[in-house]
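Novice: need the 3D shape of this:
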Amino acid sequence: MPATRIFSTVAAAALGAMLSAPAAAQTQAPPDPPTTSGDRVTIAVGAASLPDYEGADSNSWTPGAAVIGEVAGHSFFTRGTQLYVDLLPDAPGPGVHVELGVIAGARLERTGKPDDYDRNDMGSQMVARLGKVDTAIEVGGFVGVSKQGVITSEFDTLTARVAFVHDVADAYGSYVITPQINYATPLSRGTLVSFGASADYVGKGYGRTYFSVTPAQSLASGLRVYDASDNGFKRFNLSAFAIQSLSGNLLRGLGVGAGVVYGRLLGRYKDSPIVRDVGAADQWMFAAGLTYTF
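Specialist: Numbering: from 1, shown residues only. Model prediction:
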């Protein structure tokens, strides 16, 4: 497993989703006893089983971390290696809340050295010989809307959001648009579950960098030449997570969480030789960790 992926995009995404999905439900569940401040921060540390590269058919365990919180009415959370900050303060209580914020982060996909890849997996070794990809620095923004009090109680939350980021470091030199939808509900004062779906629409530079194989790369790796320089939907994801507070209150103290993410690569990206020939279009990720809220 490449060392640079210790806090990789997918591992952190799994842990981040475990926390960021139920943000509204965590911060708006009834406290016991009442608190005088809405400020709250939750930190998660744990491990995730994730594909060795996007499109791989083998997984490895790696540590990861995530954070979510609200200060002075402004919410923030990590999603993968990206930090989301909502610029619009949230009004307390049930109702409709609008999101408008900024995103900054890094994409670490295939940034490891060839020697860091699994030497016992032929596909990983062939992909490693394609060459190292530079770290992408992504900046952008998001807009969304959430409704608290949808089905089960005044504390469940449905959120729809669209995020846009662009690589400013010219690693892949393009953009990623990510529509997201999530439903979260507390089953009790100490238990919360969350279900989500998302998709990635990428620009030509993304496919060219992460899914194409040039003639020179074909000679070096043994993979067939392939051109994925096109814009389109790259993948969709479905997720399910649960958090159990060890203190009996989601708003404070230690907790444990676990979840699963299923992803499916699509179109030209699914047909890339790094997926079709030596990998898999179906991508499974599992995460478990400890949370602490203060």
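Novice: what about Leu250, distance to Gln125?
Specialist: Taking C-beta to C-beta, to the nearest Å as the measure, Leu250 falls 44 Å from Gln125. No exception for glycine: its C-beta is placed from N, CA and C like everyone else's.
Novice: the two: which has the busier surroundings?
Specialist: Between Leu250 and Gln125, Leu250 has the larger neighbour count (other C-beta atoms under 10 Å), namely 27 against 16.
Novice: I'd guessed that one sits against Leu187; true?
Specialist: No: Leu250 is beyond contact range of Leu187, at 10.3 Å (criterion: C-beta atoms under 8 Å).
Novice: part of a helix, is Tyr206?
Specialist: Yes: using DSSP: H, G, I helix; E, B strand; the rest coil, the assignment for Tyr206 is a helix.
Novice: can you list the weak-confidence ranges in the stretch 51-200 of the chain?
Specialist: By pLDDT under 70, the low-scoring segments of the stretch 51-200 of the chain are 92-93, 113-120, 153.
Novice: those helices in it, which residues are they?
Specialist: Counting by DSSP state H, counting those that start in this stretch, the stretch 51-200 of the chain has helices at residues 122-128.
Novice: now do the strands in it.
Specialist: 59-71, 74-79, 82-86, 95-107, 136-148, 157-167, 175-186, 191-202 (DSSP state E, counting those that start in this stretch).
Novice: let me have those in TSV, adding distance to Lys270 as columns.
Specialist: Shown next, in TSV, are the strands of the stretch 51-200 of the chain (distance: least, C-beta to C-beta, whole Å):
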stretch	distance to Lys270
strand 59-71	18
strand 74-79	23
strand 82-86	24
strand 95-107	20
strand 136-148	21
strand 157-167	22
strand 175-186	17
strand 191-202	13
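Novice: of all the ones you listed, which one is nearest Ile43?
Specialist: Closest approach to Ile43 among those (C-beta to C-beta): strand 59-71, 5.3 Å.
Novice: what lines up beside the closest one in the sheet?
Specialist: With DSSP bridges as the test, strand 59-71 is paired with strand 40-51 (antiparallel), strand 74-79 (antiparallel).
Novice: how far does the helix or strand hosting Val261 sit from its chain's centre?
Specialist: Assigned by DSSP states H and E, Val261 falls within strand 253-265. Chain-centre distance of strand 253-265: 10 Å, with C-alpha atoms, centre = their mean, to the nearest Å.
Novice: name the residues of it that come out as buried.
Specialist: Across strand 253-265, burial judged by 16 or more other C-beta atoms under 10 Å covers 255, 257-259, 261, 263, 265.
Novice: what's the answer for stretch 137-157, then?
Specialist: By neighbour count on 16+ other C-beta under 10 Å, the buried set for stretch 137-157 is 137-138, 140-142, 144, 146, 148-150, 155-157.
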